[in-house]
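S.K.: quick one: sequence and predicted model below, then my questions.
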Amino acid sequence: MMKAYIQLTVSQLRVFGRNRQVLFWTLMFPIFLMVMLGSFVGGGGEVSYSGALVSHDKSVQSTELTKALLKLETVKFVTDMNEGEALESLKNGDLELVVVIPDGYGDSILNGSSPAEIKAVYDQTKTMQSEIALLALSQTIDSLSKAIVDYEPVVVVKSEGVQSLQLEYMDFLVPGIVAMMIMSNNLNGVAGQIASWRERGILRRMQSTPLRASTFIAGQITARLVLNGLQATIVLLIASLIFGTQVNGSWAVLMMFVILGTLTFMAIGFIVAGVAKSPESAGPIAGFISFPLLFLGGIFFPISNMPEVIQPYVKLLPISHLSTAMRQVMNVGADLSVLWFDALLLSGWMIVAFIIASFTFKWE
């Protein structure tokens with residue numbers, strides 16, 4: 001069976017290699033999309049958005065907060081607007097964020113009876129820009145809060161002149177593009193190929209041999225893991241060369257999520273191939289599943305900016321955890337101690353999908 005497994009894996013890789021047009025466009029589309037969005041939307045440069053800072057409080061604490069926010073590189077705040085003018089500029093699309101320090105902010109900090117609230121108003125039509133600006137704001141507020149309450153961590157890390165993480169537009173986009181590529185190549189690709197092989201009688205001829213279904217599926221999985229690993233690496237290298245993106249975390253963890261994503265969407269593709277009665281119907285069924293996931297999975301639009309009523313359901317989708325995990329590994333260097341839940345949920349989807357696929361899979 002090992003010999004059959006190796007032969008099936010090699011033959012599947014040869015199938016990919018012979019179909020050069022499909023191979024070219026499955027790789028070029030995500031690269032083209034990445035370059036176009038990065039060049040025309042993000043410009044490939046460092047993220048710097050416009051914001052307005054309005055303070056109704058004249059305390060020492062509000063002055064300290066103002067100084068901290070004005071030091072931000074990600075959001076360039078102006079302080080010469082009143083609240084009405086700032087909100088009007090936000091509605092007109094001239095700003096991405098308005099931060100309002102309310103009257104009594106300093107007293108709330110001194111009393112300590114309740115958390116001091118800062119109002120942040122953002123443009124919902126600029127979801128990506130707003131997400132990055134709000135992240136920068138949250139990090140600054142969190143650091144200042146710890147300083148105010150004299151927070152002392154149990155474990156102290158000795159730092160040695162490291163550079164702070166510079167957020168770039170492409171740092172948000174590239175992991176989402178890779179996740180999209182993994183989903184499309186495996187869900188749509190597997191569904192269409194298996195359905196086509198069934199209609200052409202290739203699967204029926206395989207069934208007449210001593211070949212086991214498990215060996216056939218294992219060969220398919222291995223070949224697609226090799227293909228997806230190579231494609232993901234190529235996209236990341238091109239993004240690094242053109243836009244200077246980095247993988248701040250472990251490549252091993254990143255590739256682990258590439259493997260989990262590949263297996264998960266392959267399993268869903270097998271389900272579609274089993275349900276579809278013909279290759280012509282497999283494509284639309286796979287598209288019916290994958291197309292909405294492009295907009296619900298955090299690839300182009302942050303999940304936190306979606307309506308709150310659907311967020312709990314969106315966060316159960318495999319693509320949302322794949323894109324989030326890859327973004328966390330690349331941007332902030334997160335490891336499995338942080339991403340264990342994403343890995344667990346993807347594994348759960350993979351196991352359940354393969355179980356269902358084992359019942360829906362048909363040789364003919």
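M.R.: Noted; the coordinates are in hand. Residues are numbered from 1 along each chain as shown.
S.K.: which residue is nearest the middle of the protein?
M.R.: By CA atoms, centre = their mean, the chain has its centre lying nearest to residue 323, at 2.2 Å.
S.K.: so what's the closest residue to that residue other than its chain neighbours scoring on pLDDT?
M.R.: Distances taken as CB to CB, 6 or more residues apart in numbering put residue 179 closest to residue 323, at 4.0 Å, once the chain neighbours are dropped. All C-beta atoms are positioned from the backbone trio N, CA, C, and that covers glycine. At residue 179, the pLDDT value in this model is 90.
S.K.: which of the residues in the helix or strand containing residue 88 are buried?
M.R.: Using DSSP states H and E, residue 88 maps to helix 83-91. Buried residues in helix 83-91, counting neighbours by 16 or more other CB atoms under 10 Å, are found at 83, 86-87, 89-90.
S.K.: name the helices or strands packed onto the helix or strand following that helix?
M.R.: Counting by DSSP H and E, the element after helix 83-91 in chain order, helix or strand, is strand 97-101. Contacts defined by 3 or more CB pairs under 8 Å, 6 or more residues apart in numbering; DSSP states H and E place strand 97-101 against strand 49-55, helix 60-70, helix 83-91, strand 119-122, helix 127-148.
S.K.: what is the burial count for residue 68?
M.R.: By other CB atoms under 10 Å, the residues close to residue 68 number 14.
S.K.: if we can go back for a sec, the residue nearest to the centre of the chain contacts residue 173, correct?
M.R.: No - taking contacts as CB atoms under 8 Å, residue 323 lies outside contact range of residue 173: 10.4 Å.
S.K.: and the helix holding residue 88 with strand 49-55, angle?
M.R.: Relative orientation of helix 83-91 and strand 49-55, computed by axes from the mean of the first three to the mean of the last three CA atoms, to 10 degrees: 160 degrees.
S.K.: the nearest residue to residue 60 once chain neighbours are set aside: neighbour count?
M.R.: Nearest residue to residue 60 in three dimensions, chain neighbours excluded: residue 106, at 6.6 Å (CB to CB, 6+ apart). Other residues lying near residue 106 total 19 when counted by other CB under 10 Å.
S.K.: show me what contacts residue 106?
M.R.: The neighbourhood of residue 106, defined by CB atoms under 8 Å, 6 or more residues apart in numbering, consists of 57, 59-62.
S.K.: residue 186 reaches residue 231, doesn't it?
M.R.: No - assessed by CB under 8 Å, residue 186 is found out of contact with residue 231, at 11.0 Å.
S.K.: more crowded one of the two?
M.R.: The neighbour comparison of residue 186 against residue 231 (other CB under 10 Å) goes to residue 186, with 28 against 20.
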